[in-house]
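Undergrad: Here is the input, now give the coordinates:
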Amino acid sequence: MDVAIEQRSKGRVYALWGLVAIALGGASLGLARLERAAPVVPKASVWIGRVQRGALVREVSGPGRLVPEAVRVISAAAAGTVEVIHVKPGAEVDAGTALLELANPELELKALEIAGEVKGAEAQLLDLKATLAIQAIEQRGKVHDVAMRHREATRLAGAKEMLASRDMVAPLELAETRERAESLAVTLELEREHEKVLDSASRARKAAQKAQVERLRAQQVLREHQVAALSVRAGAAGLVQELPLEVGEQVAIGARLAKVVDPKRLRAELRIPESRAAGVVVGQAASIELLGQRVRGRVVHIDPAVEGGNVSVDVAIEEPLPPDAKLDLSVDGRIELDRLDDVLRVEKPALGGGPGSVSLFKLGADGRFAHRVSVELGPSSVSTVQVISGLAEGDRVILSDMSQWDNADRIELQ
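TA: Numbers count the residues shown, from 1 in each chain. Presented below is the predicted three-dimensional model:
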């Protein structure tokens, strides 16, 4: 009986130890499961996107401002002192509106002097014409007189030759008559040559004097233009954007006096990051967002230089602007690079939005747990990117920054 009791006691001990072992094993398994439990992430703190199929328009974007297309920069045609300023920046003007008045007494005096020189040169030209006309008349008179004497000598020589054939004139007298006629013929030829030379010289002298008159007249016109330019006018209808002068200020020739722009003809000047500007070319479609409205446009100019890490791109606006659009108004622009049809796309993740591989958390069907997957991304737009592989249409993925969960392959959303 003692043996049976002892055996039963040992059995109970073994059973008790078995239960303890089972309990310990279960506890260990539970602890292991607790250690591998998914981190809990507040669902409200993550950004979830859905993979869609459709067209992906590749765009680049950048901030900018509205600038005028028609700009008239007014420079000083003459040096002077600012005497009166008629308008201020922001004023609307017409082409004939006087902006300011410059004073330059020395220039006005020179204009008067050159006007006197022109009058003197014109008087000299008239006097020269009269003198040359008198000389021409006198020379024609000489030619006529010699011609008359030559004809008379020629007739006399012919008569004496006839008389000499009848022995009525001595040979010596006949020879003298012939020599006189021949001498007058030579004199007549010389006078006619003199007349030609005199005429040619007269034309040259008159041309030289006329050139002098024209030169002085050109100087007079220039001086008059400079004097007139002392009254600075807008030259075109628009808005005075700049007038950086004060009364009494000295300005030099060529100095910038004012800038007048047409506020109705505006374009957008965008700043595109250098790293994304390589695909931008003239003629691409663009859009500009301003005052809550988006208008279409087209790229018309790309600055070849890079400034501050950005490339300046001009966009011509092809639709009416909002009524409140003004110069230098800030805008946001987008330029369409190309279009990919029928591709998988998703909104750009916070990290890794360009071509290449990226690790994302994909939500399960219940939306509670998300598993890490490797996704190959392709070309991107401003807000979307093409999905090459790793996701399917309709998949939901977490797009926010999940770098703090880099060691987890699964998370739980609550």
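Undergrad: packing partners for whatever helix or strand H150 lives in?
TA: Per DSSP states H and E: H150 is located in helix 105-164. Where contact means 3 or more Cβ pairs under 8 Å, 6 or more residues apart in numbering; DSSP states H and E, helix 105-164 is packed against helix 171-229. Where you see a C-beta, it was placed from the backbone N, CA and C, and this is true even at glycine.
Undergrad: Name the nearest residue to E224, ignoring sequence neighbours.
TA: A111 (6.0 Å; Cβ to Cβ, 6 or more residues apart in numbering).
Undergrad: so that neighbour touches Q226, yeah?
TA: Yes - using Cβ atoms under 8 Å, A111 is in contact with Q226, at 7.4 Å.
Undergrad: Quick check: neighbours shared by those two?
TA: Overlap of the contact sets of A111 and Q226 (by Cβ atoms under 8 Å, 6 or more residues apart in numbering) is empty.
Undergrad: sorry, back to before: now the helix holding H150: mean pLDDT?
TA: Averaging pLDDT along helix 105-164 gives 90.
Undergrad: same deal with stretch 251-258?
TA: What stretch 251-258 shows for mean pLDDT is 93.
Undergrad: got the CA coordinates for it in PDB?
TA: Taking C-alpha atoms only, stretch 251-258 is exported to PDB below (Å, rounded to 0.1, in the frame of the first residue of the first chain):
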ATOM      1  CA  VAL A 251      21.500 113.100 -65.900                       C
ATOM      2  CA  ALA A 252      24.000 112.200 -68.600                       C
ATOM      3  CA  ILE A 253      23.400 111.200 -72.200                       C
ATOM      4  CA  GLY A 254      22.000 107.700 -72.300                       C
ATOM      5  CA  ALA A 255      20.900 107.700 -68.700                       C
ATOM      6  CA  ARG A 256      17.700 105.700 -67.900                       C
ATOM      7  CA  LEU A 257      15.000 108.200 -67.200                       C
ATOM      8  CA  ALA A 258      11.800 106.100 -67.100                       C
END
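Undergrad: Could you list the buried residues of that stretch?
TA: For stretch 251-258, burial by neighbour count (16 or more other Cβ atoms under 10 Å) applies to V251, L257, A258.
Undergrad: T177 and L156, how far apart?
TA: According to Cβ to Cβ, to the nearest Å, T177 and L156 sit 6 Å apart.
Undergrad: These two: who's more crowded?
TA: Each of T177 and L156 has its neighbours counted (other Cβ atoms under 10 Å); T177 has more, 20 against 14.
Undergrad: tell me the contacts of that one?
TA: T177 neighbours (Cβ under 8 Å, 6+ apart): A153, L156, A157, K160.
Undergrad: For ChimeraX, write the select line for the buried members of those residues.
TA: Entered in ChimeraX, the line below selects the buried ones among the contacts of T177, by 16+ other Cβ under 10 Å:
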select :153,157,160
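Undergrad: Report the rounded mean pLDDT for stretch 297-311.
TA: The average pLDDT for stretch 297-311 rounds to 93.
Undergrad: re the thing from before, what's the closest of the buried residues of stretch 251-258 to A37?
TA: Closest approach to A37 among the buried residues of stretch 251-258 (Cβ to Cβ): A258, at 74.0 Å.
Undergrad: sec struct for that closest one, please.
TA: What DSSP: H, G, I helix; E, B strand; the rest coil gives for A258 is strand.
Undergrad: That one contacts V232, doesn't it?
TA: Yes - applying Cβ under 8 Å, one finds A258 in contact with V232, separated by 7.0 Å.
Undergrad: Overlap in contacts, these two.
TA: Counting by Cβ under 8 Å, 6+ apart, the residues touching both A258 and V232 are I74, L99, L100.
Undergrad: Is it correct that the first one is in contact with G235?
TA: The one in question is I74. Yes - proximity of I74 to G235 meets the contact threshold set by Cβ under 8 Å, at 6.6 Å.
Undergrad: between these two, who's got more neighbours?
TA: With neighbours defined as other Cβ under 10 Å, I74 and G235 compare such that I74 has more, 21 against 16.
Undergrad: element containing that one?
TA: strand 71-75.
Undergrad: List the buried residues in that strand.
TA: Neighbour-count burial for strand 71-75 flags R72, I74 (criterion: 16+ other Cβ under 10 Å).
Undergrad: Report the distance from it to the chain centre.
TA: Once both centres are worked out by Cα atoms, centre = their mean, to the nearest Å, strand 71-75 turns out to sit 14 Å from its chain's centre.
Undergrad: Now do that strand: which elements does it pack against?
TA: strand 256-261.
Undergrad: Partner strands of whichever helix or strand comes after the strand it packs on, with direction?
TA: The C-terminal neighbour of strand 256-261 among helices and strands, as given by DSSP H and E, is strand 266-273. Applying DSSP bridges to the sheet, strand 266-273 is found paired with strand 52-68 (antiparallel), strand 310-317 (antiparallel).
Undergrad: contacting residues around the shortest one?
TA: Translated: strand 310-317. 62, 64, 69, 266-274, 277, 280, 286, 288, 295-303, 333, 335.
Undergrad: how about 6 Å then?
TA: Contact with strand 310-317 is made by 267-272, 274, 277, 280, 286, 295, 297-303, 333, as judged by Cβ atoms under 6 Å, 6 or more residues apart in numbering.
Undergrad: Equivalent analysis for the first one, please.
TA: Residues outside strand 52-68 that contact it (Cβ under 6 Å, 6+ apart): 261-262, 266, 268-272, 276, 327-341, 343-345, 379, 381-382, 386, 393.
Undergrad: Over to stretch 120-135?
TA: Stretch 120-135 has contacts (Cβ under 6 Å, 6+ apart) with S202, Q209, Q212, V213, L216.
Undergrad: at 8 Å what do you get?
TA: L198, S202, R205, K206, Q209, K210, Q212, V213, L216.
Undergrad: for stretch 293-307, same thing?
TA: So stretch 293-307 is contacted by 267-268, 274, 277, 280-288, 311-322, 333, 335 (Cβ under 8 Å, 6+ apart).
Undergrad: What subset of these is buried?
TA: Among these, those scoring as buried are 267-268, 277, 280, 284-288, 311-317, 321, 333, 335 (criterion: 16+ other Cβ under 10 Å).
Undergrad: now stretch 360-371, how far from the chain's geometric center?
TA: 53 Å.
Undergrad: Sort out which residues of that stretch are buried, please.
TA: Buried residues in stretch 360-371, counted by 16+ other Cβ under 10 Å: L360, F361, K362, L363, A370.
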